[in-house]
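Novice: I'd like to go over a predicted model; first the sequence, then the structure.
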Amino acid sequence: MNRDLIIAGAGGFGREVQWLIERINQSTQSSEERWNLLGYVDDGMEQGTLVDDLPVLGGMEYLQKRKQPVHVACAIGNAEVRGTVVRKLSENKNIHFPNLIDPSVRMSERIRMGKGNILCAGTILTADIVLKDFVILNLDCTVGHDVQLESYVTVYPSANISGNVTVGEGCELGTGSQIIQGKILGERTIVGAGAVVIEDLPGCCTAVGVPAAVVKKE
């Protein structure tokens, strides 16, 4: 299978993922392990626009209709939007979703991952951790032992997840947030920047503050 790769989403995080891929390419000596970056797809940008020297190839429809095999990095931070895009793209069997891991990431061999996960620079994962599909761990995150992150979880920069925590599908953990050990977060919950979670949180809510308190429910 070829190593052609397209980034879905040409926003700020998409450009950070471009840098991540460039770092992967710089760190490997084997041409077979390097990625051939073709460009971006983004519904909100005009075809042919250059984003950090890479072209916008079109919108998501470009990928949905693609007949040649290609790898896709879904670089969309918002968990709900990312899920919608991935489900549409997954209908095309020519599209494959690799795990992309920055060379600086430190992790044990006892990590289980699904597909489409993106692990950014400076992140640390310890032991017996499960990442389902399309999880984003942004810059300088830490994930402790026996943590399970369900699909489409987004962890923003410098968040800390202590041991034996379960984070439900589609959750978003804000920049600098902290989850103490043994807690369970229900699906699609948002934890605000700098919040400290010391109790379980229900699904479909927003929690902020120190300690984190629920301020909004769907």
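Specialist: That came through fine.
Novice: now do the helices in this structure.
Specialist: Remark: helices of the chain, listed N- to C-terminal, are 12-27, 60-64, 79-89; assignment by DSSP state H.
Novice: of the ones you listed, which is nearest residue 175?
Specialist: Ranking the helices of the chain by distance to residue 175, with CB to CB as the measure, places helix 12-27 first at 12.8 Å. From N, CA and C alone the C-beta is placed, and that goes for glycine too.
Novice: which parts of that closest one are buried?
Specialist: Using 16 or more other CB atoms under 10 Å as the test for burial, helix 12-27 gives 13-18, 20-21, 24-25.
Novice: now swap in stretch 190-208 and tell me
Specialist: For stretch 190-208, the neighbour count (16+ other CB under 10 Å) marks 190-192, 194-197, 201, 203, 205-208 as buried.
Novice: got the residues you listed as CSV, with distance to residue 5 and pLDDT columns?
Specialist: Formatted as CSV, the buried residues of stretch 190-208 follow (distance: CB to CB, whole Å; pLDDT from 0 to 100):
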residue, distance to residue 5, pLDDT
190, 30, 97
191, 31, 98
192, 33, 97
194, 34, 98
195, 34, 98
196, 37, 98
197, 35, 98
201, 35, 97
203, 33, 95
205, 36, 97
206, 34, 97
207, 36, 98
208, 36, 98
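Novice: give me the pLDDT for the residue nearest the centre of the chain.
Specialist: Centroid check for the chain by CA atoms, centre = their mean gives residue 136 as the closest residue, at 2.0 Å. Residue 136 is assigned a predicted lDDT (pLDDT) of 98.
Novice: that one is in contact with residue 78, isn't it?
Specialist: No - under the contact definition of CB atoms under 8 Å, residue 136 does not touch residue 78, with a separation of 10.1 Å.
Novice: intersection of neighbour lists for these two?
Specialist: Both residue 136 and residue 78 are contacted by residue 154, under the criterion CB atoms under 8 Å, 6 or more residues apart in numbering.
Novice: residue 165 and residue 198, how far apart?
Specialist: Taking CB to CB, to the nearest Å as the criterion, residue 165 is separated from residue 198 by 12 Å.
Novice: and for the two, which residues touch both?
Specialist: With contacts defined as CB under 8 Å, 6+ apart, the residues adjacent to both residue 165 and residue 198 are residue 183.
Novice: re the thing from before, turn the helices of the chain into JSON lines, columns for mean pLDDT.
Specialist: Output for the helices of the chain, formatted as JSON lines (pLDDT from 0 to 100):
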{"stretch": "helix 12-27", "mean pLDDT": "96"}
{"stretch": "helix 60-64", "mean pLDDT": "93"}
{"stretch": "helix 79-89", "mean pLDDT": "95"}
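Novice: and those helices: which comes nearest residue 140?
Specialist: When those are compared by CB to CB, helix 12-27 sits nearest residue 140, at 12.6 Å.
Novice: which helices and strands does the closest one pack with?
Specialist: Using 3 or more CB pairs under 8 Å, 6 or more residues apart in numbering; DSSP states H and E as the contact test, the elements touching helix 12-27 are strand 4-8, strand 36-41, strand 50-51, strand 100-101.
Novice: alright, I will stop here.
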